[in-house]
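*Asks:* give the three-dimensional model of this entry:
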Amino acid sequence: MYVTKRRFQMIPRAAAPVLPSNSSMTTSPPVQPDTVTRIECALLLLAYFIELDGDVHVPMYEKFEAELTKLKATADVRSRASQMLERYRRSGAGNAIMSKNLSLSSSEGPFPYLGL
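*Replies:* Numbers count the residues shown, from 1 in each chain. So this is what the prediction gives:
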């Protein structure tokens, strides 16, 4: 097996919570990093594997890279939509969004279509 002399610094995993000595077995599991962070770590690991093994891992790297781009684009759209809604709330201009249509309760059922 061929190993290069270069050293790569790997990103450490999230530290496990320190449990008190009298803790029971019913503790909550450690918090997982978000998907974007996990994919970024996987890309770093795949880059290391590509350095060691050559092009055999390139297809997986490209797949993860495309998924990361898609996730970041989705997060960007959500952020822009949230900012637009926040600007609307602060402006106080008009009532383009009627409060009864924003009800999150389904107990009253959907509003009927009035054929506007």
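
*Asks:* low-scoring stretches of the protein, by residue?
*Replies:* Counting by pLDDT under 70, the chain shows low-confidence ranges at 1-26, 93-113, 115-116.

*Asks:* buried ones in the lengthiest helix in the chain?
*Replies:* When the chain is parsed with DSSP state H, its longest helix is helix 58-91. Of all the residues in helix 58-91, those buried under the rule 16 or more other Cβ atoms under 10 Å are 61, 64, 68. Every C-beta, even on glycine, is put in place using the N, C-alpha and C of the backbone.

*Asks:* what distance do you get for the first one to residue 30?
*Replies:* This means residue 61. Noted for residue 61: a distance of 27 Å to residue 30, by Cβ to Cβ, to the nearest Å.

*Asks:* please apply the same query to the last one.
*Replies:* When distances are taken as Cβ to Cβ, residue 68 and residue 30 turn out to be 23 Å apart.

*Asks:* also the second one?
*Replies:* Taking Cβ to Cβ as the measure, residue 64 falls 23 Å from residue 30.

*Asks:* quick check: angle from the helix or strand encompassing residue 42 to helix 58-91?
*Replies:* In this assignment (DSSP states H and E), residue 42 forms part of helix 35-53. Computed with axes from the mean of the first three to the mean of the last three Cα atoms, to 10 degrees, the direction of helix 35-53 lies at 160 degrees from that of helix 58-91.

*Asks:* can you pull the buried residues of helix 35-53?
*Replies:* Neighbour counts over helix 35-53 (16+ other Cβ under 10 Å) mark 39, 42-43, 45-46 as buried.

*Asks:* counting by contacts, list what that helix packs against.
*Replies:* Judged by 3 or more Cβ pairs under 8 Å, 6 or more residues apart in numbering; DSSP states H and E, the packing partners of helix 35-53 are helix 58-91.

*Asks:* who are the packing partners of the helix it packs on?
*Replies:* Against helix 58-91 (3+ Cβ pairs under 8 Å, 6+ apart) you get helix 35-53.

*Asks:* wait, isn't residue 57 in contact with residue 45?
*Replies:* No: applying Cβ atoms under 8 Å as the test, residue 57 and residue 45 come out as separate, 9.4 Å apart.
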